[in-house]
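Student: Requesting a structural model of the entry that follows:
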Amino acid sequence: MANALISIIIPVYNAEKYLRRGLDSLLAQTCGDWEAVCIDDGSTDGSAAVLEEYAARDARFRVLRQGNSGVSAARNRGIREAHGEWVTFLDADDWLSEDILEVLLPHTRRESV
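Tutor: Here you go, the predicted structure:
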């Protein structure tokens, strides 16, 4: 999404067992103005297939691939590729409460973050 308000950077390395819960938590967000920039950092399990499945279901998911370079390199690439006004991170084995983006966004505006 070229005009997403929030870019969520997700570095992924061999997280197939946990990945769906986090991606599903994005789909459940009450604020839908986001993009997920998913960086497959050379996974050798089924992580890439899971990412592609979600990208096929929802255009807000973008999948980038790179050879294993570590979580910091994956995050940095995600930042470079992000289109959102705001950037946040989600680890591949974490998930978000369904209203977290909606709850936090007004604070960024009110507090001039």
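Student: What segments of the chain are strands?
Tutor: 6-12, 34-41, 61-66, 86-89 (DSSP state E).
Student: Dump the ones you listed to TSV, plus distance to residue 106 and mean pLDDT.
Tutor: Quick note: C-beta positions are derived from backbone N, CA and C, even for glycine. Output for those, formatted as TSV (distance: least, CB to CB, whole Å; pLDDT from 0 to 100):
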stretch	distance to residue 106	mean pLDDT
strand 6-12	13	97
strand 34-41	15	98
strand 61-66	25	98
strand 86-89	12	95
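Student: Using a markdown table, lay out those strands together with mean neighbour count and distance to residue 96.
Tutor: Shown next, in a markdown table, are the strands of the chain (neighbours: other CB atoms under 10 Å; distance: least, CB to CB, whole Å):
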| stretch | mean neighbour count | distance to residue 96 |
| --- | --- | --- |
| strand 6-12 | 25 | 8 |
| strand 34-41 | 25 | 10 |
| strand 61-66 | 18 | 14 |
| strand 86-89 | 15 | 9 |
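Student: Take the ones you listed and lay them out in JSON lines including distance to residue 18.
Tutor: Formatted as JSON lines, those follow (distance: least, CB to CB, whole Å):
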{"stretch": "strand 6-12", "distance to residue 18": "10"}
{"stretch": "strand 34-41", "distance to residue 18": "13"}
{"stretch": "strand 61-66", "distance to residue 18": "16"}
{"stretch": "strand 86-89", "distance to residue 18": "15"}
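Student: how far away is residue 26 from residue 103?
Tutor: Going from residue 26 to residue 103 by CB to CB, to the nearest Å gives 15 Å.
Student: For the two, indicate the residue with more neighbours.
Tutor: The neighbour count for residue 26 versus residue 103, taken as other CB atoms under 10 Å, is higher for residue 26 (23 against 12).
Student: So the more buried one is in contact with residue 8, correct?
Tutor: Yes. With contacts counted by CB atoms under 8 Å, residue 26 reaches residue 8, the gap being 6.5 Å.
Student: who touches both of these two?
Tutor: Common contacts of residue 26 and residue 8, defined by CB atoms under 8 Å, 6 or more residues apart in numbering, comprise 34, 36, 90.
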